Every structure is written in C-alpha cells, then in structure tokens.
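after the sequence you'll find the predicted model.
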Amino acid sequence: MKRSFVDLHLRLSSSDLVHTQTLTAKAAELGYTFVAAPFAPGTKPDEIRKIKAFCADVGLDFVSRVDLRPRSENELLNLLRKLRRRFEILCVLCETKEIARQAAKDHRVDLLNFPLLDQRRRFFDRAEAELATCSNAGFEVDVKPLLVLEGPSRVRFLSCLRREVAVAVEFRLPIVLSSGASEVLLMRKPREVAALALLFGLKGDAALDAVSEVPAGVVKKNREKLGVGFVAPGIRLIKQGEDC
Amino acid sequence: MKRLKRRYLALQLNVDCMPSEREFLDAVWSVVTRLFGEYGASLAGLALISYDCDLKAAVLRTNLGALDNVRAALATITSLGGRGAAVHVLAVSGTIKALQKNPKGFS
C-alpha cells in the first residue's frame, strides 16, 4: 500500500497569505498528503478554515496544531484544558525540566518537542521517555537544525539526537519527524527527511514510518476523538433517541 | 571478484540561478565530506553523469552501499554557488536507461 506522508511542523505565517500558499503548494509538490502548522492559542477558527481551504486547493489535508510554551506546570494544565478540543495536534515545547515531565505525564499532549539546541537544556532522558510511554505522547524531531547548523554545533546536535532517539526506540515511543521549515528552500521530500534520520540512528522502515504512519496515526486518533459521537477510546455514539 | 553495484540518482535543483557544473559537484563533495569524512566520501564513488542547466537537473552516480549516506548528504545542501538552494532526489535506478524510462527521472 502506498504511504501517505505527513509533515506536522510547517511554519506558516497566517498574516502572509502568499507565504502560506507558496509553502503549501511546495509541500504538495514534494509529495506530502497531510501538513500541520502551529497557530497561536488565540487564533480564530476562521483563520484556520481559510488555510484549510488553501491546502485543499493544492490537494493537501491541513491539520491544525498549537505549540504550547508554558512557563509553569499550572499554566500548562490550564492551556491543555482550554485548547485540547480546539486543535487537532497539541505539542508542548519543553524548555524546562518541570514542563517536560508534566507534559510527558499528560495524556492530552500529542507531541513533545525539545526546541533548545543546548544539550544541557534538552530534557529527553529515560525518565521522560518512561512517563511519555504511559501517556502515549510522541517525540518530535525537527530536521531544520540539521540543515542550518554547521560544524561543531551540528556534531553536538547530532550526538544529542542520536542519544534521544535511542532512548525513544528503547521505550517504543512514537517518533515523529517534521521539517520545522519556514521557507521553501528548507523543505525536503519525505524520503529525504527519512534519509536525514539515518544520521541520528533511525534507519529504513522506522524512519519512513516516522514521516508517514506514526504522524498519520496521531492525526487519525485525534480527529476521531474530536469528531461527533466520540465517548471514549473504542466507544462511540452510533444512534441516539427513543428507539435505541 | 564481486561486481561493484552502482545506483544512478536523478536530481532536481531548486535554485534561482543555476550554478556551474563544477560548483555543483564541489558542493556535493563538500557536503559528503563534511558529514561522513574523507573515508566515507571515498566509499561513495561519486560521479556526475549529466548536468542540464535548462532543466535544472543532474544525474549522479554512487555506489549502492553509500546510497543512503549520499541521499542524506544531498538533503543537507542549502546553498549552491553562494546562493540559497535545495537538491531533491527525483528517482533512483540501477541503470541510466531505466532512469530515463522512469517518468519521475531525468530524460
């Protein structure tokens, strides 16, 4: 069966429609079926609908996403409560250890992203992976830093990623590869993203799954949850009324 | 002696101003060497088979064993001849003839 490829982290600018059109058209040309772009928490549904329409024109299925960058655990919980049902993908940018641990514990979080390149400020370790396994949160890796960094900083970043991916694989955590691209020249084909994953120890089918089946599974699961009639995992309302 | 297997990659260059053939090949060698070192680059057996400025396309030959490394290295190209660029692999084939027959490939 043909794989459908997913890029869950395209950085679109909701105010610049030309930029949005260029990036979504390029994503379709590169072979993606689903793309997601993070919005600000206060984004109106109309804005999301407009971008969905752009994407539908070029044959893409657009997935709404919000990136949370909370300053405290309480703020994270508040944001999760407020935003979970408004966005299809919910990602937490883990910049402190407390936030990382709280996000990994919470089953409402879909993706854990560690945006800081300094290895002492990346908190994805065995404890984090163990917590994330219970909540089924995925570990997101953006490939953009691999393209923009050079020399010793890229070496350090690769070594850090290799260690983190090994931990994620050991704990059977879903790994999601995303572009993190904000411009056309930083966008890569899904198979090229998978080839880049070779640099940090993700090979063959596992790398391809990380740009196709794993993120597609997250989207499918969340759309099912946000759909009408969903009661709990495995339980949905089929019929309602007196003659049931 | 075991025959060395090779693969041909049809490449599409996403660039506003096409670099010269020399600049392109230098960029490819440079990224392969930076990522895998001189030893890794020597195993790749890279050769530029054709280069078309009008189609913004090229065909590159590599050893089968180094194919994944070359793919990864090509994906890290962000500039060619000092200008922003990206290189995409359109198709991979065992022979040039098969590559030309491939609808995605370079003909």
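Received, thanks.

what does chain A put close to chain B?
Within chain A, the positions near chain B by CB under 8 Å from any CB of the partner chain are A:30, A:146-148, A:150, A:184-189, A:191-193, A:195-196, A:198-199, A:203. Placement of C-beta: from N, CA and C, glycine included.

where in chain B is pLDDT low?
Where chain B drops to pLDDT under 70, the residues are B:105-107.

so which residues of it form strands?
Remark: strands assigned in chain B by DSSP state E are B:6-15, B:47-52, B:57-63, B:79-80, B:83-93.

repeat that for chain A.
A:5-7, A:32-39, A:61-68, A:89-93, A:111-113, A:138-142, A:175-178, A:230-232, A:235-236.

dump those into JSON lines; add mean neighbour count and mean pLDDT as well.
Shown next, in JSON lines, are those (neighbours: other CB atoms under 10 Å in any protein chain shown; pLDDT from 0 to 100):
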{"stretch": "strand A:5-7", "mean neighbour count": "26", "mean pLDDT": "95"}
{"stretch": "strand A:32-39", "mean neighbour count": "23", "mean pLDDT": "94"}
{"stretch": "strand A:61-68", "mean neighbour count": "22", "mean pLDDT": "94"}
{"stretch": "strand A:89-93", "mean neighbour count": "24", "mean pLDDT": "94"}
{"stretch": "strand A:111-113", "mean neighbour count": "26", "mean pLDDT": "94"}
{"stretch": "strand A:138-142", "mean neighbour count": "24", "mean pLDDT": "95"}
{"stretch": "strand A:175-178", "mean neighbour count": "26", "mean pLDDT": "96"}
{"stretch": "strand A:230-232", "mean neighbour count": "9", "mean pLDDT": "81"}
{"stretch": "strand A:235-236", "mean neighbour count": "11", "mean pLDDT": "83"}
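
circling back to that earlier point, buried only: go through the residues of chain A next to chain B for me.
A:30, A:146-147, A:184-189, A:191-193, A:195-196, A:198-199 (16 or more other CB atoms under 10 Å in any protein chain shown).

may I see the buried residues of stretch B:51-61?
Those would be B:Y51, B:A57, B:A58, B:V59, B:L60, B:R61, for stretch B:51-61 by 16+ other CB under 10 Å.

greatest separation within those: which pair is it?
Greatest spatial distance among the buried residues of stretch B:51-61 (CB to CB): B:A57 and B:R61, at 14.5 Å.

ok, back up a step: looking at the strands of chain A, which is closest to A:R162?
That would be strand A:138-142 among the strands of chain A, by CB to CB, at 10.9 Å.
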